[in-house]
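Novice: need a 3D model of the following:
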Amino acid sequence: MRTREAAERFVRVWERAWAAHDVDALLRLYAEECVHRSMPFREPHRGRAELADYLRWSFARERVTDVRFSAPVVGPDGVAVAEFRVLAEEEGVPSTLAGCVFVRFDEEGLAVATRDYWHTADGHEEPAGDLFFL
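Specialist: Down below sits the predicted model:
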């Protein structure tokens with residue numbers, strides 16, 4: 001699978017599955033031995049089982065009202081990046097999460113390595129400037 005196709009599928013599925021907290025749909029995007037870093041200085045989640053645990057923990061108290069991903073920017077060697085913005089509530093308190101994900105895909109179009117960078121803000125708001133860089 002070409003990187004562009006894999007990246008476009010990745011952001012489409014993440015956008016829909018994050019809103020629905022559909023962990024199984026998300027896991028189908030990843031290679032069995034994937035490595036996911038949810039933040040640069042946290043220990044990575046290694047393999048689908050650890051990633052599933054992390055996703056379930058992340059979604060447990062979150063009620064999502066809107067998820068948007070940018071079109072992916074595709075680079076060399078199976079790498080792509082996309083921005084995201086999530087409006088959610090935890091225990092009735094609105095918040096906004098905005099960030100980006102870097103993904104490396106294998107030949108089958110599965111994510112073998114991902115790294116997120118994100119920030120949260122109180123309330124529901126759009127990031128300053130355009131919603132997405134591109």
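Novice: next, Ala25: secondary structure please.
Specialist: Here Ala25 is helix, with the state taken from DSSP: H, G, I helix; E, B strand; the rest coil.
Novice: in terms of helices and strands, where is the nearest residue to Gly75 once chain neighbours are set aside?
Specialist: Leaving aside its sequence neighbours, Gly75 sits nearest to Val81 (C-beta to C-beta, 6 or more residues apart in numbering; 7.4 Å). (Each C-beta comes from the backbone N, C-alpha and C, glycine too.) Counting by DSSP states H and E, the element that carries Val81 is strand 79-90.
Novice: next one: Met39
Specialist: Per DSSP H and E, there is no helix or strand for Met39.
Novice: try the one 10 residues further on
Specialist: Secondary structure from DSSP H and E places Ala49 in helix 47-59.
Novice: which residues touch that helix?
Specialist: The contact list for helix 47-59, computed with C-beta atoms under 8 Å, 6 or more residues apart in numbering, reads His21, Val23, Leu26, Leu27, Tyr30, Glu32, Glu33, Cys34, His36, Ser38, His45.
Novice: ok, stretch 88-102 next?
Specialist: In contact with stretch 88-102 (C-beta under 8 Å, 6+ apart) are residues 14, 61-65, 79-87, 114-127.
Novice: same check, this time on stretch 110-120
Specialist: The contact list for stretch 110-120, computed with C-beta under 8 Å, 6+ apart, reads 6, 10, 29-31, 33-40, 84, 95-106.
Novice: low-confidence bits of the chain, can you list those?
Specialist: 1, 133-134 (pLDDT under 70).
Novice: the helix or strand encompassing His119 pairs with which strands, parallel or anti?
Specialist: Element membership of His119, judged by DSSP H and E, is strand 111-122. Strand pairing for strand 111-122, using DSSP bridges, gives strand 30-37 (parallel), strand 93-105 (antiparallel).
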